[in-house]
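> Structure here, sequence nowhere to be found:
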């Protein structure tokens, strides 16, 4: 490198001037620490969220199926029996969408854990070419797709419960 070259163009931070190097290292250290924290937080969120939402949705839909099967013996009108059958079908669909949402959520948290583990690279403290924002990576984009897909399937699972409940109320 010649003296006329800009030292701040190097990927190696130690070749930069002191002020820019200090600023970069401070920022890179904060990003590194944040990514390490997010890796651990993603793992904990994975565990906590899976326990709560999946158990709730499965309990709601399972309880609905049980209640509908109990009502079936008390209903004698064919139209009402058909409505209860439709309600049971929606509850079974709700169980499916709950399991699908759980799978997408699990993939999302696994992807986020691996993404933040890969971004928490100590080499980013001295090499500027290794620094990336999560949204700039393929894994980050995949994570966003999984995130929105899991929201959509969870919403559908709740809607199937509401529709099932509507059929039951209409039948009674």
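Thanks, I have the structure now. Nothing here was measured: the structure is a model prediction, and the numbers come from that model. Numbers count the residues shown, from 1 in each chain.

> pLDDT below threshold where in this structure?
Filtered on pLDDT under 70, the chain yields the residue ranges 1-8, 71-73, 75-76, 121, 124-128, 130-136.

> switch to 50 and redo it
For the chain, the stretches flagged by pLDDT under 50 are 1-4.

> ranges for the strands of this structure?
Secondary structure of the chain (DSSP state E): no strands present.

> Mind giving me the packing neighbours of the longest helix seen in it?
In the chain, with assignment by DSSP state H, the single longest helix is helix 78-119. For helix 78-119, the contact count by 3 or more C-beta pairs under 8 Å, 6 or more residues apart in numbering; DSSP states H and E identifies helix 18-49, helix 55-72, helix 138-171 as packing neighbours. C-beta coordinates here come from the backbone N, C-alpha and C atoms, glycine included.

> what angle separates the longest one from helix 18-49?
This means helix 138-171. The directions of helix 138-171 and helix 18-49 differ by 30 degrees, with axes from the mean of the first three to the mean of the last three C-alpha atoms, to 10 degrees as the criterion.

> And for residue 62, nearest residue in space, chain neighbours not counted?
residue 95 (7.2 Å; C-beta to C-beta, 6 or more residues apart in numbering).

> ok, the one you found to residue 59 distance?
Counting by C-beta to C-beta, to the nearest Å, the gap from residue 95 to residue 59 is 11 Å.

> Which one of those two is surrounded by more residues?
Each of residue 95 and residue 59 has its neighbours counted (other C-beta atoms under 10 Å); residue 95 has more, 18 against 11.

> ok, now which ones touch that one?
For residue 95, the contact set (C-beta atoms under 8 Å, 6 or more residues apart in numbering) comprises 58, 61-62, 65.

> Likewise for residue 159?
Taking C-beta under 8 Å, 6+ apart, one finds nothing in contact with residue 159.

> quick thing: my sequence starts at 48, can you match it?
Sure, I'll start counting at 48 from here, so that last one is residue 206.

> measure it to residue 60 for me?
Taking C-beta to C-beta, one finds residue 206 at 52 Å from residue 60.

> Distance check, the residue nearest to residue 109 against residue 78.
Residue 142 is 41 Å from residue 78, by C-beta to C-beta.

> do the same with residue 163
Taking C-beta to C-beta, one finds residue 163 at 11 Å from residue 78.

> sorry, back to before: most neighbours among the contacts of residue 142, which one?
Counting neighbours by other C-beta under 10 Å, the top entry in the contacts of residue 142 is residue 108, with 25 neighbours.
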